[in-house]
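*Asks:* 3D, please:
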Amino acid sequence: MNELFSALDEKERTRLRLLGLLFLVALFVLIFFSLGQRRSYQLLVERLQGRDKAAAAAEAKRAESAAEWAQWQEASQDLKDLKEKFFYREGQEASELRLDLEKIFSEAGISVRSYRYNYVSLEKERIRKVNVTFTFAGSYPILKKFLQTLERFPIFLLLEKIDFLKIGGDGTIIELRIVLAAYYANY
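*Replies:* Just a heads-up that it's a prediction; the model follows:
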């Protein structure tokens, strides 16, 4: 290798040294900039990972919100079903209630001569109530059958009050004042 350098004259050696020096400077510049690019790359990767985490958190929040919205929609549908199936309709509550009472009385095997309606407005509610008062005269098994029939009835028709009026001497015949509460939606 020395023989090769000794064959060169001084001007060529200077040029070769200058080229070597330029090569080293270019190599150092390349290494310096590549390290800067590597650092920049690492910073961008870290930033991208942070954004991926934020996107995953946002997606989880969105899924949670979608599930909550589905629950609200289900609750709204449940309320609509409740209103349609279990409450009497406003304006028609008296006729529907009368028909339902006749059905319950006939199924229970009792006859009621007369009953009285009393409309009650519940404060701060969109539900109204009708109290139906009637007198029952019969035996305990018939009363029990009536209560079971009332309990199985699908619409909100609830036993609100029982007043004992008379109890027969042998206890077989009882006379009661019964108050039923029927509910209707006021929407």
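
*Asks:* next one: the residue positioned nearest the centre of the chain from Q77, what distance?
*Replies:* Nearest to the mean C-alpha position of the chain, by Cα atoms, centre = their mean, lies Q71 at 2.4 Å. When distances are taken as Cβ to Cβ, to the nearest Å, Q71 and Q77 turn out to be 11 Å apart. C-beta coordinates here come from the backbone N, C-alpha and C atoms, glycine included.

*Asks:* next one: Q49
*Replies:* Between Q49 and Q77 the computed distance is 42 Å (Cβ to Cβ).

*Asks:* where do the strands sit along the protein?
*Replies:* Under the criterion DSSP state E, the chain carries strands at the ranges 88-89, 115-121, 127-138, 157-167, 174-185.

*Asks:* next, format these as a markdown table and append mean pLDDT and distance to A58.
*Replies:* Supplementary listing: those in a markdown table, determined by pLDDT from 0 to 100; distance: least, Cβ to Cβ, whole Å:
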| stretch | mean pLDDT | distance to A58 |
| --- | --- | --- |
| strand 88-89 | 76 | 45 |
| strand 115-121 | 80 | 48 |
| strand 127-138 | 86 | 41 |
| strand 157-167 | 89 | 48 |
| strand 174-185 | 87 | 40 |
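
*Asks:* for the ones you listed, which one sits closest to K11?
*Replies:* Proximity to K11, assessed across the strands of the chain by Cβ to Cβ, is greatest for strand 174-185 (108.0 Å).

*Asks:* may I have the beta-bridge partners of the nearest residue to K166 once chain neighbours are set aside?
*Replies:* Spatial nearest neighbour of K166, excluding adjacent residues (Cβ to Cβ, 6 or more residues apart in numbering): E175 at 4.0 Å. Here E175 shows beta-bridge partners A137, K166, assigned using DSSP bridges.

*Asks:* show me what contacts E175?
*Replies:* Contacts for E175 (Cβ atoms under 8 Å, 6 or more residues apart in numbering) come out as T135, F136, A137, F164, L165, K166, I167.

*Asks:* ok, of the residues you listed, which one's closest to L21?
*Replies:* Out of the contacts of E175, the one with the shortest distance to L21 is F136. That distance is 118.3 Å, counting by Cβ to Cβ.

*Asks:* show me the contacts for the closest residue to the closest one other than its chain neighbours.
*Replies:* Distance criterion Cβ to Cβ, 6+ apart; nearest residue to F136, sequence neighbours excluded, is L176 at 4.6 Å. The neighbours of L176, taking Cβ under 8 Å, 6+ apart as the test, are T135, F136, A137, L143, I162, D163, F164, L165.

*Asks:* now do A75
*Replies:* A75 is in contact with no residue at all, counting by Cβ under 8 Å, 6+ apart.

*Asks:* what about F134, neighbour count?
*Replies:* Using other Cβ atoms under 10 Å, F134 has 17 neighbouring residues.
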